[in-house]
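Trainee: I'll drop the sequence and a predicted model, then ask my questions.
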Amino acid sequence: MNHVQHSLFPTRYWHALEDGRVQCDLCPRECKLHEGQQGLCFVRANEGGKVVLATYGRSSGFCVDPIEKKPLNHFHPGTPVLSFGTAGCNLACKFCQNWDMSKSREMDILADQASPGKIARVAADLGCRSVAYTYNDPVIFMEYAIDVARACRERGIASVAVTAGYINEEPRKEFFRHMDAANVDLKGFSEDFYWKLTGGHLQTVLDTLVYLRHETEVWLELTTLLIPGHNDSDTEIDEMTRWVVRELGPDVPMHFTAFHPSWKMMDVPPTPPETLARARRIAMDNGVRYAYTGNVHDETGGSTYCHQCGELLIGRDWYVLTRWHLDAQGRCKSCGASCAGHFDPQPGTWGARRLPVNLSQYD
C-alpha cells in the first residue's frame, strides 16, 4: 500500500478500530488501514484517522460514445453518452480489459479536472442524453459520481453506472439512488471463478442484482465476458441464465461479450464468435427475452427482436441502428407487445462516433 499525496475528499462509509486503524466499509473487502495507507482500490485511504477519496474531481479522460457501447441496448437507443472514469478498482480481475486505468497506481493519468457542475454543463452542451461512470468501477469513487449525478439530474441528463456491483448494502442504497441505469458485470456464475480470477465473491454481486431489480427503478442490463475454459461451459451459462430469469425476470437484457487476451491472461485465446452465439441461444431457450453478443460483428446477435412475434424491432450493425420498429410507446408495430426498456418516440442518431472531449476547452 502506498501513501497518498493528493487532494482528499471525506467519505462516510468507514469506522475506527481499537488498534488505531480505520476500516473502510464501502465494499466487502473492508480494508483495515493504518495512517497513510490506501485500500486495494488505491483511491480510498486513511488520512488523519479518516477514510478519504483521493480522486474526487479527477478523471482519466472524457469521451462521447454511443449508449450501446456501455453496453445498454434498451436505454434511449442511438443517443450519445458522455463517459468518464478515474483510476483504481476494488476487484483484481486477471482478465481486466481496462487494466491501464483500473489497475493504475499513477495519479498522473488523471489529467482532466472537472467539477460535477462542469461535467453536467458540458454533457448538455454536447447534446448527451446521459453521463456514464465507466472505464473503472464508479463504486470506488461514489461520492464524486453521486455529485455528478445530482448536477446532471438538474439538467434532465440521466446517469449510467457501469459496474461490477461489488458494494456493501448501505452504500449500495445510496449510490444507486442517484443512478438511472446500470450495466452490471456478472463475471461468471461460480464462487470458484470469482475468487480465483477476480479476488471477490459471487454472492455480493447477486445481492446487488436482486436489489436493483426489485427495490429500485434503475434500468438494469447484464454483461458477461466469456473467457475460454473459465466461464464459458454450457452448464455454467445454463445455470446463470436460469437464475437470471428466476430471480430477475425475463426482461433483463444479457450481453455475452468476447474476451481478448489482456493483463494477466495473455495466454488465453480470444473467445470464438460461436461461443457467444451458443450462450445467446442457451439464454433465450431459458426464457431470457433479450440476449446479445458483443465485441464481435454479429448483426443478428446485436439486434433486438420482439419476444412475442419475433419481429426485428431494433436492427444494429455494431453501434449503428439500421431499423426501428417500435411505436412511440415502445411497443412492437407488428403485434403491439411492449419491449422492456426506456425508449424515446424516435431513435437517436449518434451512430458509432467516438468523440474525445477535452474539458479544459469548455472553461
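Mentor: Yes, it's here.

Trainee: show me where pLDDT drops low in the stretch 51-200 of the chain?
Mentor: Counting by pLDDT under 70, the stretch 51-200 of the chain shows low-confidence ranges at 99-112.

Trainee: For it, which segments are assigned as helices?
Mentor: Assigned by DSSP state H, counting those that start in this stretch, the helices in the stretch 51-200 of the chain fall at 99-102, 116-125, 142-154, 169-177, 191-198.

Trainee: Just say which of those helices is most tucked in.
Mentor: Mean neighbour counts were taken over the helices of the stretch 51-200 of the chain using mean count of other Cβ atoms under 10 Å, and the top value, a mean of 22, falls to helix 142-154. Quick note: C-beta positions are derived from backbone N, CA and C, even for glycine.

Trainee: circling back: so which of the helices of the stretch 51-200 of the chain gets nearest residue 23?
Mentor: Residue 23 sits nearest to helix 169-177 of all the helices of the stretch 51-200 of the chain, at 13.4 Å, using Cβ to Cβ.

Trainee: If you count contacts, what does the closest one end up packed against?
Mentor: On a contact count with 3 or more Cβ pairs under 8 Å, 6 or more residues apart in numbering; DSSP states H and E, helix 169-177 meets helix 142-154, helix 202-215.

Trainee: Run the angle between it and helix 142-154 for me.
Mentor: 30 degrees (axes from the mean of the first three to the mean of the last three Cα atoms, to 10 degrees).

Trainee: relative to helix 202-215, how tilted is helix 169-177?
Mentor: 50 degrees.

Trainee: Identify the residues contacting helix 169-177?
Mentor: By Cβ atoms under 8 Å, 6 or more residues apart in numbering, the surrounding residues in contact with helix 169-177 are 12-13, 25-27, 138-139, 142, 145-146, 161, 167, 182, 207-208, 211-212, 216, 218.

Trainee: about what we covered before: to residue 252, which of the helices of the stretch 51-200 of the chain lies closest?
Mentor: Across the helices of the stretch 51-200 of the chain, closest to residue 252 is helix 169-177 (Cβ to Cβ), at 15.1 Å.

Trainee: Determine how far that closest one lies from the middle of the whole chain.
Mentor: With Cα atoms, centre = their mean, to the nearest Å as the basis, helix 169-177 stands 15 Å off its chain's centre.
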